[in-house]
Structures are given as C-alpha cells and as structure tokens.
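J.: Return a 3D structure for these sequence lines:
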Amino acid sequence: MGVRIKTAPQSVLEVFFDASRRDARMRQFMDRCKEAGVRMIESDGLRLAKMCGSHGHQGVVARVQALQPVNSLDGLLEQLEAQGTVPLLLVLDGVTDPHNLGACLRVADGAGAHAVIAPKDHAAGINATVAKVASGAAETMPYFMVTNLARTLNELKERGIWCIGTSDDAPEAIYDVDLKGPVALVLGAEGDGMRQLTRKTCDALARIPMSGAVESLNVSVASGVCLYEALRQRR
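T.: Numbering: from 1, shown residues only. From the prediction side, this is the model:
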C-alpha cells in the first residue's frame, strides 16, 4: 500500500486503519496518507479481516481504483525508445511458483527494470500470493505473459536488445558482461534452468559465480544479482 500511496495517490479512495496500532511504522504510514490527501477511516482488526478476507492485513486496508496497465510489450518498448531510455528487462522461463514470481517482481522494481516477461504456458500468473510477496510491485511492474518466448526473444533482438541468459556452465561471469546497453536478462527456474530453445535463442550466456557448497541460487536472488549488476554498470 505504501507503494501505491507513493506512485499513484490519486487512485487511493480511502484507507481503513486499525486505530489500536500506534507503532512508528503505522504513524509514518498515516503521515504519508495525510500528505497525499487520502481519506482515513478508523477501524478495528476484525473489520479489516472481513474486508480483505484474511488476518494478514497488517492493520491497513484500502479501497482503490484500478490502475491502467501498459497494454503491450511493443507499446512499452516504443515508449522507452521515444523517451531515449535504455531498456532493462527481466525474462523468466519456467518460474511457476507464485512466491518466486512475487519476489522477482519486487527485485525488478527495486532495480529499475522496465518489465518482466514470461511464457504463458510455463509461468505463474498474478494472484493474491504474488501481489503480497511483491509488496506493491505487482501493480507497478509491467508483467507480460507471451505465447512464444523464443519468438519474443527474437523480436527483442530485432529491436537491438541483447538477450543474456544465465547458466552455471557459461564461460563468462555476469560481472564481466557489458550490461550498459539495451539488455534482457533471461533466467530459468531453480533446478531445471532455461529450456533448451530459450537457451539457444539467447545472444550470450553468463554465470553467477558460486563459492560455497550450494550449486545454485533461488531465481529471485539470482534475478537480484543480475539486475543490480546492470544497475551498477549503468551508474
């Protein structure tokens, strides 16, 4: 909710809050709402649980207007091109766990990625679990589910976007790859990794160096490593 207040306060119609909560985090949130001119309504935990269908409301429930999503990946890329913005995209192949997807959306938003892309038949969709784990990023981060991932990657390449896949057996480390230009970082599900066709379609492969006993990282952690390396290089 803090993300919605920050990015689109006009879409928040009213906020119901647990009047018994007086901790610093709640006070800070209420101050932010007041600054944004959001209507505040005192409530209690039981009423909030009934409104949202669970007790996981953390003392706040809001009534909001739906945000207008970006209609298509092509539209987003054309918008970025018109703005002179260098695209940074995250592509997920085979990430079907909603907790992992939510965490990937969250880290993509934090690193300043412009969109997350996944295949319709090998991916999780946006649901309540994804939205909760994403901590607001499910609303702010464009998420495109495409019919044919390999074809989409080829279309990105035609637009001059370099598709970098991640693989444990890649010759180069992600830190040695130039990520300052238009880039789509392609990650597979933990364990199985990218599908073969996805791997073959990538322009290049890079690995995340592993120094300990474990063989791989959770896909959301790996996404964070790769995206923030791109952010570091661009700065």
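J.: Asp121: neighbour count?
T.: Neighbour count of Asp121, defined by other C-beta atoms under 10 Å: 11. C-betas here are computed from N, CA, C, even on glycine.
J.: who's in contact with Val91?
T.: Residues counted as contacts of Val91 (C-beta atoms under 8 Å, 6 or more residues apart in numbering) are 116-118, 149, 153, 163, 184-187.
J.: buried stuff in the helix or strand harbouring it?
T.: Assigned by DSSP states H and E, Val91 belongs to strand 88-93. By neighbour count with 16 or more other C-beta atoms under 10 Å, strand 88-93 contains the buried residues 88-93.
J.: mind giving me CSV with the residues you listed and columns for pLDDT and distance to Asp203?
T.: Listed next are the buried residues of strand 88-93 as CSV, based on pLDDT from 0 to 100; distance: C-beta to C-beta, whole Å:
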residue, pLDDT, distance to Asp203
Leu88, 98, 15
Leu89, 98, 13
Leu90, 98, 16
Val91, 98, 12
Leu92, 97, 18
Asp93, 96, 15
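J.: For Arg234, state which of those is nearest.
T.: Set against Arg234, the nearest of these by C-beta to C-beta is Leu88 (7.8 Å).
J.: Just list what the longest helix along the chain packs against, helices and strands only.
T.: The residue-count maximum for a helix in the chain (DSSP state H) belongs to helix 219-234. Secondary-structure packing of helix 219-234 (3 or more C-beta pairs under 8 Å, 6 or more residues apart in numbering; DSSP states H and E): strand 88-93, helix 98-111, strand 162-166, strand 183-188.
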